[in-house]
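S.K.: Build me a model from this:
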Amino acid sequence: MDIKVISHPLYLHKLSLLRDERVRPKQFRELVTELSNIIGITATESLDLTTVKTLNSPIGKFTGVKIKDKVGVFPIMRAGNGMVDAFLNLVPAARVHHLGLFRDKKTLLPVEYYNKLPAACQLDIGFVLDPLIATAGTAIAAVNMLKDWGLKRIVFCSLLVSKSGVEALREAHPDIQIVTGFIDEDLTDKGYIYPGVGDAGDRLFKTFYD
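M.R.: Model (predicted):
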């Protein structure tokens, strides 16, 4: 499995801002989009191109190209929704299929609650979006769903992952590509990445409860 870890200075700078507990939801959402833009550029490097008709620039003729692949974007709700706009800005023709999975806070196991995938897969490649891979339970479950559906080329995109989580995903699905911006070494006893960013969904959507 191919794991790409982005080491761009702008990414690391913005990730440090994202980690800061003082960052409010509006800025957190903006940072997630900015980081997802950088992730998206790297994740889409493997897209195939095809030539189109001869076109004219202001100076002369050239042979145009366009994306050949039928692209799907699969945000894992709810935190994955924060990454969608960035990917649609890069690939406006992509189809978006939401995957409803959450991690049970007691068992840390994935629970599926929403799946509206069409009967047949007609996509060439899919980008699974989740800002964090902690224990990797939901990540593994999401890839299982897409493989069962018939999707062959899968790229998992996360802003930040835990070392144990990315290793678990690698073991479960050695044939997919993972693109991330940083690997944190540890998890807390409650399954949060340490030092991480906290609960990405809560910080995105301001759902903090005592």
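S.K.: Give me the local confidence score for the residue lying closest to residue 194 once chain neighbours are set aside.
M.R.: Setting aside the residues directly before and after it, residue 194 is nearest to residue 186 in space (C-beta to C-beta, 6 or more residues apart in numbering), at 4.2 Å. From N, CA and C alone the C-beta is placed, and that goes for glycine too. The confidence metric pLDDT takes the value 93 at residue 186.
S.K.: wait, isn't residue 186 in contact with residue 192?
M.R.: No: under the contact definition of C-beta atoms under 8 Å, residue 186 does not touch residue 192, with a separation of 9.6 Å.
S.K.: which of those two has more neighbours?
M.R.: Between residue 186 and residue 192, counting by other C-beta atoms under 10 Å, residue 192 is the more crowded of the two (18 against 12).
S.K.: quick one: contacts for the closest residue in space to the more buried one that isn't next to it in sequence?
M.R.: Nearest residue to residue 192, sequence neighbours excluded (C-beta to C-beta, 6+ apart): residue 134, at 6.3 Å. Contacts for residue 134 (C-beta atoms under 8 Å, 6 or more residues apart in numbering) come out as 103, 161, 162, 165, 187, 191, 192, 193, 196.
S.K.: quick one: residue 134 from residue 169, how far?
M.R.: Separation of residue 134 from residue 169 (C-beta to C-beta, to the nearest Å) stands at 11 Å.
S.K.: Let me see the residues that make contact with the biggest helix by length in the chain.
M.R.: The helix of greatest length in the chain, counted in residues with DSSP state H as the criterion, is given as helix 25-43. For helix 25-43, the surrounding residues in contact (C-beta under 8 Å, 6+ apart) are 4, 6, 8, 10-11, 14-15, 17-18, 23, 82-83, 85-87, 89-91, 127, 129, 131, 155, 157-159, 177, 179-181, 200, 203-206.
S.K.: Can you name the next helix or strand after it?
M.R.: With elements assigned by DSSP states H and E, the helix or strand that comes after helix 25-43 is strand 49-56.
S.K.: partners of that next one in the sheet?
M.R.: For strand 49-56, the paired strands and their directions (DSSP bridges) are strand 61-67 (antiparallel).
S.K.: how far does the partner strand sit from the chain's center?
M.R.: Relative to the mean C-alpha coordinate of its chain, strand 61-67 is positioned 29 Å out (C-alpha atoms, centre = their mean, to the nearest Å).
S.K.: Check which residues of whatever helix or strand comes next after that strand are buried.
M.R.: Helices and strands here follow DSSP H and E; after strand 61-67, the next one along the chain is strand 71-77. For strand 71-77, a neighbour-count test (16 or more other C-beta atoms under 10 Å) marks 71, 72, 73, 74, 75, 76 as buried.
S.K.: Many thanks, have a good one.
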